[in-house]
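In: coords below, sequence missing:
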C-alpha cells in the first residue's frame, strides 16, 4: 500500500532544504534563448513565404491558423524566458501560462528527472494529473532531488 510522506517527514525536508523560499529560473537561459532563436527563424521563413508567389496560394484559413500557432509559440517562449520556480513552506509553484502549483499535503509522491536541458520534478497528486516543475538553478535542482527522496513512492 502506498503511503504519502507524513507531516513530520515534510517538516524535516523543509528544514533540510532551508533557507526558504528557494527561487530561481524555471528554464536554463540557453534553452529559452534557443526557443527565441527558433521562433525568429520560423518568423523569417513565414514572412518570406508570405511575400512570395507561393504565399498568395495559401488559403486565408491556413494563414490564420499559422499566425495563431506562431502567437502561441511566442507566449510559450515568453514564459520559458521569464518563468520562476519557487519552493516555500506552502508548497511549490511556477509561473506559467496556467496555474502550476501544489501544496505539500497534496503531493502523493514525487520523482526527480534530471534531463540534459531541463531538470524536472514531477509531483503526483492524490487527484488529477501530475504537475511538472522545471528548475534551472543548482539550488532548485538540489531541492528537487531532496524532495524526490522524501516524497518517493512507498510500498
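Out: Received the coordinates, thanks. The structure displayed is predicted, hence computed values, not measured ones.

In: and the end-to-end length of stretch 92-106?
Out: Its first and final residues considered, stretch 92-106 spans 11 Å by Cα to Cα, to the nearest Å.

In: could you list the low-pLDDT ranges of this protein?
Out: Within the chain, the segments meeting pLDDT under 70 span 1-4, 153-155.

In: hey, where'd the strands end up in it?
Out: Secondary structure of the chain, counting by DSSP state E: strands at 22-25, 84-87, 91-94, 100-103, 107-114, 119-125, 131-135.

In: turn those strands into CSV, columns for mean neighbour count.
Out: Where you see a C-beta, it was placed from the backbone N, CA and C, and this is true even at glycine. Formatted as CSV, the strands of the chain follow (neighbours: other Cβ atoms under 10 Å):
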stretch, mean neighbour count
strand 22-25, 17
strand 84-87, 21
strand 91-94, 21
strand 100-103, 17
strand 107-114, 18
strand 119-125, 20
strand 131-135, 23
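
In: can you redo those as TSV with distance to residue 61?
Out: Shown next, in TSV, are the strands of the chain (distance: least, Cβ to Cβ, whole Å):
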stretch	distance to residue 61
strand 22-25	38
strand 84-87	38
strand 91-94	35
strand 100-103	33
strand 107-114	39
strand 119-125	37
strand 131-135	33
